[in-house]
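1. when you get a sec, could you give me coordinates for this:
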Amino acid sequence: MAGSTELSSALDALGMSFNGGALRPGTDAYEGARRVHNGLVDRRPGVILQCRGTADVVDAVRLAREVGLELAVRGGGHNVAGRAVVDDGVMIDLSPMTGMHVDPAGRTAHVQGGVTWAQFNRETQLHGLGTTGGVVGTTGVAGLTLGGGMGFLMAKHGLTADNLLSAEVVDASGNVHLASDGENPDLFWALRGGGGNFGVVTSFRFRLHRVGPMVTGGLVAHPLTAGRELMRFYRDLTGSLPDEMVAYCGLVHAPDGSGAKLAAIVACHCGKPAEGEAALRPIKAFGSPVLDAMGPIPYTAMNGLLDAAYPKGALNYWKSGFLSDLTDDAIDAILAGFQQCPASMSAVLVEHMHGAATRVPVGATAFPHRQPGFNCGVLGEWADPGQTVSCTSWVRACYNGLLPFMTAGRYVNYLGDDETAEAVAGAYGPNLARLRAVKKRYDPENVFHRNQNIVPA
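-> Numbering: from 1, shown residues only. Below is the predicted model:
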């Protein structure tokens with residue numbers, strides 16, 4: 001590992017050519033930049049290089065290699081595992097890189113690696129356009145895309161990664177590549193689900209679709225005593241959803257601070273208003289909800305509906321997996337686990353996947369989970385550090401109770417920082433061997449290993 005003098009000398013050598021900023025410990029700017037979304041992550045890089053363009057990223061990668069320091073890459077900094085920051089090493093911070101250009105005629109968007117989904121949606125919705133993105137606006141475009149990207153438009157338009165047209169990548173040697181179907185297609189394939197294993201993606205170009213400015217959606221909540229019936233209803237509902245509609249089911253706590261446990265459905269229909277109203281009518285008519293906030297809603301608001309539930313700085317520990325089916329026994333296990341939840345910010349979320357996202361062949365992109373079904377996440381979140389032991393213990397216990405109903409598949413974007421090699425392999429599934437071969441070509445020394453790592457072949 002490089003000493004402080006060697007690092008200082010390397011930073012001095014960057015001179016005036018580096019357009020961004022180099023933040024060292026001991027300043028307020030450094031303290032702010034080292035903090036990622038998950039407050040449970042508390043690491044201190046030797047330097048944070050805040051890049052403003054691809055040339056800065058090239059210099060940052062080469063500096064880290066030159067001085068022999070570990071390297072981490074921050075896009076939106078939203079990932080629960082906190083892999084964007086590393087103790088003592090070099091943190092490449094793309095957050096200043098928020099440039100974006102929308103081509104309304106060509107229905108494409110070109111965005112830099114630090115853009116968040118709230119920023120993306122704001123620009124594309126000026127033209128009534130959008131693509132599948134994160135359901136929490138503070139999520140980074142980069143991380144979501146590279147892990148696959150589930151969202152409210154996935155049944156109609158596929159995953160985020162399915163809408164990627166090209167990407168610019170700085171590899172472990174500091175070389176710049178354009179990846180697309182026609183140029184470096186092996187790298188392009190790997191980027192769509194293989195995470196940050198192959199380099200720093202400095203920009204993305206996406207296909208856009210007509211959506212909004214109004215959609216039909218929102219949230220309906222019931223007392224937890226109705227949870228079993230609601231989850232059974234949800235399972236039956238998802239068996240015949242149109243492509244225009246995506247629905248999630250969550251066991252959550254009331255937002256009024258009372259701690260009351262609720263069972264809720266969040267849904268979005270991106271088609272014609274009359275069709276959306278008809279599709280959501282059964283949800284609104286079911287049972288006796290304590291909250292009905294479902295109806296016409298701006299697309300940008302729909303994608304920010306859950307933002308308040310996931311504030312920056314809250315402590316997070318998650319575990320998740322794909323369910324083989326949402327059987328009655330699985331529902332009972334979910335409910336029994338949630339009943340023991342010790343923190344009012346925590347939740348259990350069931351996400352249904354169908355439609356266009358499931359009609360892509362398993363090997364067409366690196367993201368392998370293309371069968372219709374459910375992903376279940378046990379989302380531990382709390383504010384008081386004194387609850388850390390009880391909350392992390394609850395997540396593990398609840399998740400372990402669900403294991404009999406889960407497949408080997410895992411969603412890479414939900415994997416925590418303490419997952420086993422078996423869990424990581426489950427995220428990449430049958431595509432792992434091909435991913436390892438691409439990794440060997442672009443990062444044979446595994447420089448980019450601060451991720452859900454793919455070991456070079």
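
2. now Y234, what's its secondary structure?
-> Assigned with DSSP: H, G, I helix; E, B strand; the rest coil, Y234 falls in the helix class.

3. distance check, it against V350.
-> 7 Å (CB to CB, to the nearest Å). Any C-beta I mention is one placed from the backbone N, CA and C, and that applies to glycine too.

4. surely S344 meets H253?
-> Yes: using CB atoms under 8 Å, S344 makes contact with H253 at a distance of 4.2 Å.

5. quick check: neighbours shared by those two?
-> Listed contacts common to S344 and H253 are G259; contacts here mean CB atoms under 8 Å, 6 or more residues apart in numbering.

6. returning to what we had before: which neighbours do Y234 and V350 share?
-> Joint contacts of Y234 and V350 (CB under 8 Å, 6+ apart) are C249, L326.

7. for the stretch 251-400 of the chain, which segments are assigned as strands?
-> 261-269, 291-298, 315-323, 347-353, 373-382 (DSSP state E, counting those that start in this stretch).

8. can you pull the domain assignment for the chain?
-> With domains defined by automatic domain parsing, the chain comprises 4-93, 100-211, 215-414.

9. would you mind finding the most buried of these?
-> Greatest average neighbour count among the domains of the chain goes to domain 100-211 (a mean of 22), per mean count of other CB atoms under 10 Å.

10. tell me how far it is from the chain's mean position?
-> 12 Å (CA atoms, centre = their mean, to the nearest Å).

11. start to end distance for it?
-> End-to-end span of domain 100-211 (CA to CA, to the nearest Å): 19 Å.

12. what do you get for stretch 46-64?
-> End-to-end distance (CA to CA), stretch 46-64: 11 Å.

13. cool, stretch 223-230 as well?
-> Note: stretch 223-230 ends 10 Å apart using CA to CA.

14. for the closest residue in space to T327 that isn't next to it in sequence, which residues are in contact?
-> Nearest residue to T327, sequence neighbours excluded (CB to CB, 6 or more residues apart in numbering): F405, at 6.7 Å. Residues in contact with F405 (CB under 8 Å, 6+ apart) are L323, S324, D325, T327, D329, A330, A333.

15. now intersect these with the helices, please.
-> D329, A330, A333 (DSSP state H).

16. can you redo the residues you listed as a markdown table with distance to D93 and pLDDT?
-> What follows is the ones in helices among the contacts of F405, written out as a markdown table (distance: CB to CB, whole Å; pLDDT from 0 to 100):
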| residue | distance to D93 | pLDDT |
| --- | --- | --- |
| D329 | 46 | 98 |
| A330 | 41 | 98 |
| A333 | 41 | 98 |
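
17. for T365, state which of those residues is nearest.
-> A330 (28.0 Å; CB to CB).

18. show me where this structure dips below the pLDDT cut-off.
-> 1-3 (pLDDT under 70).

19. ok, so of the ones in helices among the contacts of F405, who is nearest A425?
-> A330 (23.3 Å).

20. ok, the closest one - contacts?
-> L323, L402, F405.

21. in CSV: these, plus distance to L415.
-> Below are these laid out as CSV (distance: CB to CB, whole Å):
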residue, distance to L415
L323, 17
L402, 16
F405, 19
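
22. thought G321 was touching P404?
-> No: using CB under 8 Å, G321 is not in contact with P404; the gap is 11.1 Å.

23. ok, the closest residue to A254 other than its chain neighbours - contacts?
-> Using CB to CB, 6+ apart and skipping the chain neighbours, the partner closest in space to A254 is A260 (4.1 Å). Residues counted as contacts of A260 (CB under 8 Å, 6+ apart) are P223, L224, H253, A254.

24. so who does the third one touch?
-> H253 is in contact with G259, A260, K261, L262, C341, S344, M345, S346, A347, counting by CB under 8 Å, 6+ apart.

25. now do V350
-> M231, Y234, Y248, C249, G250, L323, L326, I334, F374, N375, C376, G377.

26. quick one: the residue nearest to it when sequence neighbours are not counted from N400, how far?
-> Among residues not flanking V350 along the chain, C249 sits closest, at 4.5 Å (CB to CB, 6+ apart). According to CB to CB, C249 stands 21 Å off from N400.

27. over to A55?
-> 48 Å.

28. and if you look at V80?
-> Taken as CB to CB, the span from V80 to N400 is 18 Å.

29. need the contact list for the nearest residue to F338 once chain neighbours are set aside.
-> Nearest-residue entry for F338: L251, 4.2 Å, with adjacent residues in sequence omitted and distances by CB to CB, 6+ apart. Neighbour list for L251: L224, G227, K261, L262, A263, A264, I334, L335, F338, A347, V348, L349 [criterion: CB under 8 Å, 6+ apart].

30. what's across from L251 in the sheet?
-> A263, V348 (DSSP bridges).

31. gap between it and M100?
-> Counting by CB to CB - L251 and M100 are separated by 36 Å.

32. dump the contacts of H253 to TSV, plus distance to A308.
-> Shown next, in TSV, are the contacts of H253 (distance: CB to CB, whole Å):
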residue	distance to A308
G259	16
A260	17
K261	18
L262	15
C341	19
S344	13
M345	10
S346	15
A347	13
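
33. circling back to that earlier point, distance check, the residue nearest to F338 against F367.
-> 27 Å.

34. over to W189?
-> 10 Å.

35. and P404, by the same measure?
-> Counting by CB to CB, the gap from P404 to F367 is 25 Å.

36. how about A161?
-> 6 Å.

37. dump the residue contacts of G401.
-> A333, A336, G337.

38. confirm it sits in a helix?
-> Yes: assessed by three-state DSSP, G401 belongs to a helix.

39. mind checking how far it is from V220?
-> Counting by CB to CB, the gap from G401 to V220 is 26 Å.

40. same question, C270
-> 18 Å.

41. got it, and D384?
-> From D384 to V220 the distance is 30 Å (CB to CB).

42. so the residue nearest to V350 makes contact with A264?
-> Yes: between C249 and A264 there is a contact under CB under 8 Å: 7.2 Å.

43. strands along the stretch 51-200 of the chain, start to end?
-> Under DSSP E, counting those that start in this stretch, the stretch 51-200 of the chain gives strands at 71-74, 90-93, 100-103, 108-112, 129-130, 164-170, 176-180, 200-207.

44. who does the following helix or strand past the last one pair up with?
-> Once the chain leaves strand 200-207, the next helix or strand it forms, by DSSP states H and E, is strand 209-210. Paired neighbours of strand 209-210 in the sheet (DSSP bridges): strand 129-130 (antiparallel).

45. which residues are in contact with the strand it pairs with?
-> Residues contacting strand 129-130 (CB under 8 Å, 6+ apart): 102, 104, 107, 109, 121, 124, 153, 208-212, 299.

46. distance to G76 added to those residues, as CSV?
-> Converted to CSV, the contacts of strand 129-130 look like this (distance: CB to CB, whole Å):
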residue, distance to G76
V102, 19
P104, 25
R107, 24
A109, 16
N121, 14
T124, 17
L153, 19
L208, 20
H209, 22
R210, 26
V211, 21
G212, 22
Y299, 20
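
47. which one of these is nearest T139?
-> N121 (11.0 Å).

48. now do the contacts for the closest one.
-> Per CB under 8 Å, 6+ apart, neighbours of N121: G130, G133, G137, Y299, T300, N303.
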